[in-house]
Every structure is written in structure tokens, then in C-alpha cells.
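Student: pasted the sequence and its predicted model underneath.
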Amino acid sequence: MSFPKPDFRPVSYSRVTLTELMIPAYANFGGKIHGGILLSLMDKVAYAAASKHAGTYCVTVSVDGVNFLQPVEVGELVSLLASVNYVGKTSLLVGIKVIAEDVRSGTVKHTNTSYFTMVAKDDLGQPTLVPGLTLETHEDTRRFLESIKRREFRERSRAEFDNALSGLAVQQELHLLHQERCQIAY
Ligand SMILES: CC(C)(COP(=O)(O)OP(=O)(O)OC[C@H]1O[C@@H](n2cnc3c(N)ncnc32)[C@H](O)[C@@H]1OP(=O)(O)O)[C@@H](O)C(=O)NCCC(=O)NCCS
């Protein structure tokens, strides 16, 4: 039995934490956890938060701010804390904080915070309207406002970047290679 979707849902309704033990099968040749394993967990938790808020199937559209600042070790307990920070019409921005805990020492490190843009889809695979977000705390409001700024900044820098690339004249820019570790072999 399905219920009509509400006009608004509180941030707390879709907040999710995913915790997973880092097993040896997740490690790279250096003994640290593969970045791709963490990305996959981030995608999973983003999906969980977005689809819970939307009440529909969601897809990942873009990912911002993935910087692995510290390595994650085998044996650590990784927790991904996700919440919907912002909603547009059909899109949702999910903020994900990743922490890794050494269970023996109890030390907790913050490995990264990233932002996943998800879009809600209806049964026909078309983008569909999501409920608005009820901001329950000052922190929710700060994150919502920060998301607006983040989106503005991203759109501005994407436009500037596209502009810079479309006008790229290779012959005129070759001087940039003098300081780089490359050689032209043609
Ligand atoms: C993302 C997708 C739904 C956009 O479809 P579209 O027909 O262009 O739809 P719209 O232009 O109406 O965009 C829908 C929403 O996505 C947002 N969006 C589209 N491209 C975006 C991008 N590159 N970055 C952030 N948001 C984006 C739009 O701003 C819009 O948000 P809003 O409704 O809240 O205003 C479509 O390209 C898609 O399905 N992509 C595949 C996603 C997927 O399968 N991901 C899994 C990885 S394999």
C-alpha cells in the first residue's frame, strides 16, 4: 500500500549512517583501503538518504569534494553519515561525512566530506518532484544555505572552465609546458 507523498519532510527523516568493517579484501597492494570501496559506500549511503527523502528511486548525477585526506586501514570501522542538505525540484544534495575508527585505540579520524547530487525518478524513469525540506535546526539551515552557495560557485566555475577550454589555442599555450614533467615526442 502506498501513501501520498507529503509536501515537506524534515532533514531528520532521511538522515542515515552506514557502518562497515574494513576487511582485507578491500585493501590495495599498499595495505590501505581502495578509494573505490569508499566511493561505492558513499554512493550507497547517498542513495539511501535521497530515496528515503524522495520516496522514489534516485540516481547519482554528480559528486563534489571527494578528497581522501588520510588513508583508511584494514580493521578500521568506517561510518558514513549522510543527510539531505538541500532539495531543488527533482534533485537533492546529500552531504556525507566519512569517519574511520580504530577500534583498539578508539581513535576516530575524519577522512572526508563529500556531496552527492541525486535526482529522483518516477516509475517511467523521468525526474520527479521531491518533497521540500523542513529545516529543524540552525545547522540544517546553515547547510541548506551553504548548498545554494556551493551550487552557485560550481555553476560559475563550470562556465569559466568551459569558456577557457573552448578558447584553448594549443600553439599559444605551449609555454605552459616548460615547467611541467612532460616531453613532446611528435
Ligand atoms: C540527471 C538526469 C536525470 C538529468 O536529466 P534531464 O532530462 O537533463 O533533467 P533536468 O534537466 O530536468 O534535470 C533534472 C535535475 O537534475 C539537475 N542536474 C542535471 N544535471 C546536473 C549536473 N550535472 N549536476 C547537478 N545537477 C544536475 C538539474 O538541475 C535538475 O534539478 P532540479 O529539478 O532540482 O532543478 C539524466 O541526465 C540522467 O538520468 N542521468 C543518468 C544518471 C544515472 O543513471 N546515474 C547513475 C550512474 S551510472
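Tutor: In hand now; what should we look at?
Student: what's the burial count for whichever residue of the chain sits closest to the ligand?
Tutor: Nearest residue of the chain to the ligand (CB to the nearest ligand atom) works out as Gly88 at 2.3 Å. Yep, even glycine has a C-beta here, placed from its N, CA and C like the rest. Around Gly88 there are 15 other residues, counting by other CB atoms under 10 Å.
Student: separation between Leu165 and Glu20?
Tutor: 38 Å (CB to CB, to the nearest Å).
Student: neighbour count winner among these two?
Tutor: Glu20 (16 against 8).
Student: helix, strand, or coil at that one?
Tutor: Assigned with DSSP: H, G, I helix; E, B strand; the rest coil, Glu20 falls in the strand class.
Student: now do it against Lys32, distance only.
Tutor: In terms of CB to CB, Glu20 sits 16 Å off from Lys32.
Student: max-length strand in the chain?
Tutor: What stands out as the longest strand in the chain, according to DSSP state E, is strand 108-121.
Student: list the buried residues in that strand.
Tutor: Thr111, Asn112, Ser114, Tyr115, Phe116, Thr117, Met118, Val119, Ala120, Lys121 (16 or more other CB atoms under 10 Å).
Student: so what touches the next helix or strand after that strand?
Tutor: Using DSSP states H and E, the helix or strand that follows strand 108-121 in sequence is strand 132-134. Here strand 132-134 makes contact (CB atoms under 8 Å, 6 or more residues apart in numbering) with Asp7, Phe8, Arg9, Pro10, Val11, His53, Val84, Tyr86, Val87, Asp140, Phe144.
Student: same thing but at 7 Å, please
Tutor: The contact list for strand 132-134 (CB atoms under 7 Å, 6 or more residues apart in numbering) reads Asp7, Phe8, Arg9, Pro10, Val11, Val84, Val87, Phe144.
Student: residues near Met42, how many?
Tutor: Residues lying near Met42 (other CB under 10 Å) number 23.
Student: nearest residue to it other than its sequence neighbours?
Tutor: Counting by CB to CB, 6 or more residues apart in numbering, Met42 lies nearest to Ile96, which is 5.3 Å off, once chain neighbours are set aside.
Student: ok, that neighbour - contacts?
Tutor: Shown in contact with Ile96 (CB under 7 Å, 6+ apart): Met42, Val45, Ala46, Leu80, Leu81, Ala82, Thr113, Ser114, Phe116.
Student: same thing with Ser51?
Tutor: Tyr57, Cys58.
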